[in-house]
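Engineer: Sequence first, then the predicted structure, then my questions.
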Amino acid sequence: MKIIHSEQAPAAIGPYSQAYEANGFIFTSGQLGINPSTGKMPETITEQTEQACKNIAAILAASGLSMMNVIKTTCFLADINDFKAFNEVYAKHFVSKPARSCFAVKSLPANGLCEIEVIAAK
């Protein structure tokens, strides 16, 4: 097992790693739309989804993978009314159409509007 870390994605905001590799799979922690360069989060669901996807791509790249290796995603929305706008951005990044769960939650860390975690296969 191995911890995966990318400087191109925001550091964990708690006692956990960005991702873990085990038995040929990469398991990412949930990624918010935090810009790793500024430490700030954009305001709209579209911008946050875009940044969350970029953060995931950076973590996967640190382990030699791409978004095409993703086999499962779990997506959290602070407001289910953002589902359509979230999907429009999500579809541009997850073109291989991995299995997915997506649901609304009461709130997300740092007042995020969305959070995405993935499982990828080597």
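Structural biologist: Sure thing, it's come through.
Engineer: Can you show me the helices along the chain?
Structural biologist: Along the chain, counting by DSSP state H, helices occupy 45-62, 83-93.
Engineer: could I get the ones you listed as JSON lines with mean neighbour count, distance to Pro15 and mean pLDDT?
Structural biologist: Placement of C-beta: from N, CA and C, glycine included. Formatted as JSON lines, the helices of the chain follow (neighbours: other C-beta atoms under 10 Å; distance: least, C-beta to C-beta, whole Å; pLDDT from 0 to 100):
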{"stretch": "helix 45-62", "mean neighbour count": "21", "distance to Pro15": "18", "mean pLDDT": "98"}
{"stretch": "helix 83-93", "mean neighbour count": "16", "distance to Pro15": "28", "mean pLDDT": "98"}
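Engineer: I'd like these laid out as CSV, including distance to Leu32.
Structural biologist: Listed next are the helices of the chain as CSV, based on distance: least, C-beta to C-beta, whole Å:
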stretch, distance to Leu32
helix 45-62, 6
helix 83-93, 13
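Engineer: Which among these is found nearest to Asn111?
Structural biologist: Across the helices of the chain, the minimum distance to Asn111, taken as C-beta to C-beta, is reached by helix 45-62, at 10.3 Å.
Engineer: could you give the angle of that closest one to helix 83-93?
Structural biologist: For helix 45-62 against helix 83-93, the angle by axes from the mean of the first three to the mean of the last three C-alpha atoms, to 10 degrees is 30 degrees.
Engineer: helices or strands up against helix 45-62?
Structural biologist: strand 19-22, strand 25-28, strand 70-77, helix 83-93, strand 114-121 (3 or more C-beta pairs under 8 Å, 6 or more residues apart in numbering; DSSP states H and E).
Engineer: Give the pairing partners of the first one; include direction for each.
Structural biologist: Think strand 19-22. strand 2-4 (antiparallel), strand 25-28 (antiparallel) (DSSP bridges).
Engineer: Out of these, which is the most enclosed?
Structural biologist: strand 25-28 (a mean of 20; mean count of other C-beta atoms under 10 Å).
Engineer: if we can go back for a sec, wait, which of the helices of the chain is closest to Ser6?
Structural biologist: Among those, helix 45-62 sits nearest to Ser6 (C-beta to C-beta), with 3.9 Å.
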